[in-house]
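Chemist: just coords:
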């Protein structure tokens, strides 16, 4: 029986050219974030099904690859429902595993703890172009710091990284869930309707102010509320002053310190950074995950729809594991998104020196072959890349292929040394 | 409900100190193997269940983490057996996925293709000390080269790597499945009994020559066969000459060229290498996997039981996917084993320069905080690691912890600048 040659649905084989770019970016990530004092950690790809279905993952919980119980624990006859057969699943993000990791290991970790986690996650999404069922996420998180130093460091680390791999002219959009809520409260939306209101608000960049007004009306909110709500967005400016003035309008509907905190983050980042990006206050920024409790942010690159990264503060999630709240804030870059952009732009990994290929005709004497390999070993010891390969019958085609891989120097070894 | 803090059974959270060693070794692997012209590739962690249960994986097929079908494909009511519920599983090795990868992508790959694959694999083994259910494998393979150049390059690459990370005085044991078979044939064991004979032979290092003789007798082989068989092992020397003389004894039971090929590999490696290891012919080396078709090898480090790497030639596996045989040969290092040895020996990652920690008292002005971060950013741009952190109440304890992480320089920022 012939076996299946294609990868499983929605997952992909990664070819050498893409791997080079991926490894280069991963090295930049480790180096840059390492320079900010983030520690690399790793969690298992497999997670308890209870943790994965604890309502921390939003819609992602519908997309879990579930793993069957094994041995005696698996009982097909008595199983009533899917979950009787399952005890674990593949992680769909790195935040739930990080929270478990911190709960499990806090005593051995620095406080505050700055974590860097890169790893694959899995979501059984409908396969589509550029979206895969296995993909790499790259998260930095600061656990145990309730102050805005966390947000500022996360934004600076992420933008420093993007600068190093060549991104320019992008925007960090920032908001605070408390401002979102304050605006809704101020306009008289009932608290239980916030999620519905925010889901509509989240479409602002697609359907515009009119579209949002229409959809809010369609689900039954009265015109006065809607008008009051939208006028708040119209009057807000995108700088720290905009946050402060909105904060004073909302003074009865939210804590003033929360607005001041967001304004101060924008001030600090703008003052400190020398990188080529803008940080703007965006009161329409929602971010879907229900676990966010404060600041939220997202990165948008000119000319590319969607975001290439995002994150925020989630002060309540670790408490679900430990019973004791731990302040936490994280920033995730869209690793696959970034690789796609770099590949599409024909990015080449910098600083690769000459590579040498030794081609050896079939049937050479052991002396000739050993001599060639010995020479290769001497060059390799100096740091040169040397490929020692059989010479193919179609040598011209073989050399063309090697040139495409960056081999510029060739040395050939023949059976008959005079050839 | 409190969530589960411990990782799933048999899997582990990796702490920062171990991650540093792992990342250092992985970089050495990529750099060393890259210098030999190996290309990094990646295959999905999830593989078709058909491919995983195709008898290429030996006993590992009993240890598969199986993934449930999703959506409409999952029908609990009509399911008769476990496999009705399953369409994929986590890979238990990197060789089956590599063979699928090569079958799927050969047209885009160099010929011969030198592959480097590092990645996690999963086996639902009984958990025990030092053995985990998720662990990293690191394989190099040469696909499309039927000559011994492949074996020689694989052995040189692997030993060069081990030298770089500090291993000395270890042994590469080498054999050929054809010699194993030739010896059994020569002594009159029937072909269908080879596997049984080899399983017993494989225990030689544990139970000795007498133990092997006893077990062979116990399963019913006559004394004459056993005596003849064991005398072959007694007379064999461990160098290339030993291979050649055994080959001439077995001249009616095996192809002479196969013995000469193995002898020539030992000659070449001994002549070329300058690394501190021995390559020895070991006719008792079996290696369990049924897919090996020729040379097999294993690395043994003095003072550590078991092997820290192994591999061999498997010329028939890719043909199971494509219908057309492709010569293939691979060497896998025991990544987790190597990390354990290094950690136990107190290995420290070389070449880490001073790290600086800025500690900021709670309640400092924005000006002081921004100034500190700005200074940190300037140092980071020069390549210095600078941690900017809240100052904890117990500053002494905090600094002791940071010193353990390698921070040697501290700068403190106070609310009251005169403090």
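Modeler: Nice, thanks for sending it over. Everything quoted here is computed from the prediction, not taken from an experiment.

Chemist: can we go C-alpha only for contacts and neighbour counts from here?
Modeler: Will do.

Chemist: How confident was the prediction at the residue in the stretch 301-419 of chain A positioned nearest to chain B?
Modeler: At 4.0 Å from chain B, residue A:385 is the closest residue in the stretch 301-419 of chain A, using Cα to the nearest Cα. Looking at residue A:385, its pLDDT reads 94.

Chemist: what sits against it?
Modeler: By Cα atoms under 8 Å, 6 or more residues apart in numbering or on different chains, residue A:385 lies in contact with A:354, A:355, A:356, A:379, B:34, B:35, B:36, B:37.

Chemist: With adjacent residues omitted, what lies nearest to it?
Modeler: Spatially, and ignoring its direct neighbours in sequence, residue A:385 is nearest to residue B:35 (4.0 Å; Cα to Cα, 6 or more residues apart in numbering or on different chains).

Chemist: got a pLDDT number for that neighbour?
Modeler: 95.

Chemist: can you check the one 4 residues further on too?
Modeler: The confidence metric pLDDT takes the value 96 at residue B:39.

Chemist: Touching, it and residue B:112? I think so.
Modeler: No: between residue B:39 and residue B:112 there is no contact under Cα atoms under 8 Å: 11.5 Å.

Chemist: Okay, now the unreliable bits of chain A?
Modeler: Counting by pLDDT under 70, the ranges of chain A that qualify are A:1-2, A:275, A:351-352, A:417-419.

Chemist: Strands of that one, start to end?
Modeler: Assigned by DSSP state E, the strands in chain A fall at A:39-40, A:46-48, A:66-68, A:86-90, A:113-122, A:134-143, A:170-176, A:277-281, A:295-301, A:309-313, A:328-333, A:355-360, A:385-390, A:407-413.

Chemist: which one of those strands lies closest to residue B:152?
Modeler: Comparison of the strands of chain A against residue B:152 by Cα to Cα identifies strand A:385-390 as nearest, at 10.5 Å.

Chemist: Direction included, what does the closest one pair against?
Modeler: Neighbouring strands of strand A:385-390 in its sheet, by DSSP bridges, are strand A:355-360 (parallel).

Chemist: distance between the partner strand and the chain's centre?
Modeler: 39 Å (Cα atoms, centre = their mean, to the nearest Å).

Chemist: can you give me the helices in chain A?
Modeler: Counting by DSSP state H, one finds helices in chain A at the ranges A:16-35, A:49-52, A:95-105, A:149-164, A:177-186, A:194-201, A:204-218, A:223-235, A:240-249, A:256-272, A:317-322, A:335-344, A:366-381, A:395-404.

Chemist: Nearest to residue B:373, out of those helices?
Modeler: Here helix A:256-272 is closest among the helices of chain A (Cα to Cα), at 7.3 Å.

Chemist: is the closest one up against chain B anywhere?
Modeler: Yes: judged by Cα under 8 Å from any Cα of the partner chain, helix A:256-272 and chain B are in contact via A:264, A:268, A:271, A:272.

Chemist: quick one: which of these is most hemmed in?
Modeler: The most crowded member of the residues of helix A:256-272 next to chain B, judged by other Cα atoms under 10 Å in any protein chain shown, is residue A:268 (22 neighbours).

Chemist: Could you give the number of residues near the closest residue in space to that residue that isn't next to it in sequence?
Modeler: Nearest residue to residue A:268 in three dimensions, chain neighbours excluded: residue B:370, at 6.1 Å (Cα to Cα, 6+ apart). Using other Cα under 10 Å, residue B:370 has 19 other residues around it.

Chemist: With the one 4 residues further on instead?
Modeler: Summarising burial for residue B:374: neighbours were counted as other Cα under 10 Å, giving 18.

Chemist: sorry, back to before: OK, contacts around the residue nearest to residue A:268?
Modeler: Residues in contact with residue B:370, defined by Cα under 8 Å, 6+ apart, are A:268, A:271, A:272.

Chemist: still on that earlier bit, between the strands of chain A, which gets nearest to residue A:19?
Modeler: Among the strands of chain A, strand A:134-143 comes nearest to residue A:19, with 12.6 Å by Cα to Cα.

Chemist: thinking again about what came up before, which one of residue B:39 and residue B:112 has more residues nearby?
Modeler: The neighbour count for residue B:39 versus residue B:112, taken as other Cα under 10 Å, is higher for residue B:39 (24 against 20).

Chemist: Tell me the residues of the stretch 301-419 of chain A that contact chain B?
Modeler: By Cα under 8 Å from any Cα, the residues of the stretch 301-419 of chain A that approach chain B are A:320-323, A:366, A:370, A:373-374, A:380, A:383-390, A:398, A:401-402.

Chemist: change it to 6 Å
Modeler: A:320, A:321, A:374, A:380, A:385, A:386, A:387 (Cα under 6 Å from any Cα of the partner chain).

Chemist: from those residues, which would you call buried?
Modeler: Applying 16 or more other Cα atoms under 10 Å in any protein chain shown to those, the neighbour count classes A:320, A:321, A:374, A:380, A:385, A:386, A:387 as buried.

Chemist: Just put these in TSV and tack on distance to residue A:154.
Modeler: Shown next, in TSV, are these (distance: Cα to Cα, whole Å):
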residue	distance to residue A:154
A:320	24
A:321	24
A:374	49
A:380	40
A:385	37
A:386	41
A:387	42
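
Chemist: and the residue of the stretch 151-300 of chain A nearest chain B?
Modeler: For the stretch 151-300 of chain A, Cα to the nearest Cα, closest residue to chain B: residue A:272, 5.5 Å.

Chemist: Spit out the contact partners of that residue.
Modeler: Counting by Cα atoms under 6 Å, 6 or more residues apart in numbering or on different chains, residue A:272 touches residue B:374.

Chemist: let's go with 8 Å and repeat that
Modeler: Neighbouring residues of residue A:272 by Cα under 8 Å, 6+ apart: B:370, B:373, B:374.

Chemist: likewise residue A:122?
Modeler: So residue A:122 contacts A:64, A:65, A:90, A:91, A:92, A:93, A:133, A:134, A:135 (Cα under 8 Å, 6+ apart).
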